[in-house]
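A.B. asks: build me a model from this:
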Amino acid sequence: MKKWVRPLVGAILLLIGVMWSLQGSGVVDNSEVMSGESQWLFVGLVVAIVGVTLLVGGIRKLRADRR
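C.D. replies: Down below sits the predicted model:
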């Protein structure tokens, strides 16, 4: 079960980061606080990059353990 934690957390962070980036850029208008605020665009991009890193690293680790 521990093997799936890193990719799972990475996928969740990726989704959150993409949503924050879309809200920060004004594409998604769900929040009065975040919509159109450029700081959320950049925070979302950083969170998404961390998520992708964890996701890819976790998947590579899972594949390496299978061999």
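
A.B. asks: list the buried residues of the helix or strand harbouring residue 65.
C.D. replies: Per DSSP states H and E, residue 65 falls inside helix 38-66. Residues 40, 41, 43, 44, 45, 47, 48, 51, 54, 55, 58 are the ones in helix 38-66 that count as buried (16 or more other CB atoms under 10 Å). All C-beta atoms are positioned from the backbone trio N, CA, C, and that covers glycine.

A.B. asks: give me the distance between the closest residue in space to the third one that isn't next to it in sequence and residue 63.
C.D. replies: Read it as residue 43. Sequence neighbours aside, residue 20 is the residue nearest to residue 43 in space, at 5.9 Å (criterion: CB to CB, 6 or more residues apart in numbering). Applying CB to CB, to the nearest Å, the value for residue 20 to residue 63 is 29 Å.

A.B. asks: cool, and residue 56?
C.D. replies: For residue 56, the distance to residue 63 - CB to CB - is 11 Å.

A.B. asks: one more: residue 21?
C.D. replies: In terms of CB to CB, residue 21 sits 28 Å off from residue 63.

A.B. asks: over to residue 14?
C.D. replies: 19 Å.

A.B. asks: buried ones in stretch 18-30?
C.D. replies: 18, 19, 20, 21, 22, 23, 24, 25.

A.B. asks: any buried residues in stretch 11-20, and which?
C.D. replies: 11, 13, 14, 17, 18, 19, 20.

A.B. asks: quick one: which helix or strand includes the most centrally placed residue in the chain?
C.D. replies: Taking CA atoms, centre = their mean, the centroid of the chain lies closest to residue 14, which sits 1.6 Å from it. Using DSSP H and E, residue 14 maps to helix 5-25.

A.B. asks: by contact count, what packs against that helix?
C.D. replies: Contacts defined by 3 or more CB pairs under 8 Å, 6 or more residues apart in numbering; DSSP states H and E place helix 5-25 against helix 38-66.

A.B. asks: farthest from the middle of the protein: give me that residue.
C.D. replies: Most remote from the centre of the chain, using CA atoms, centre = their mean: residue 67, at 28.0 Å.

A.B. asks: that one and residue 61, how far apart?
C.D. replies: For residue 67, the distance to residue 61 - CB to CB - is 11 Å.

A.B. asks: sounds good, over and out.
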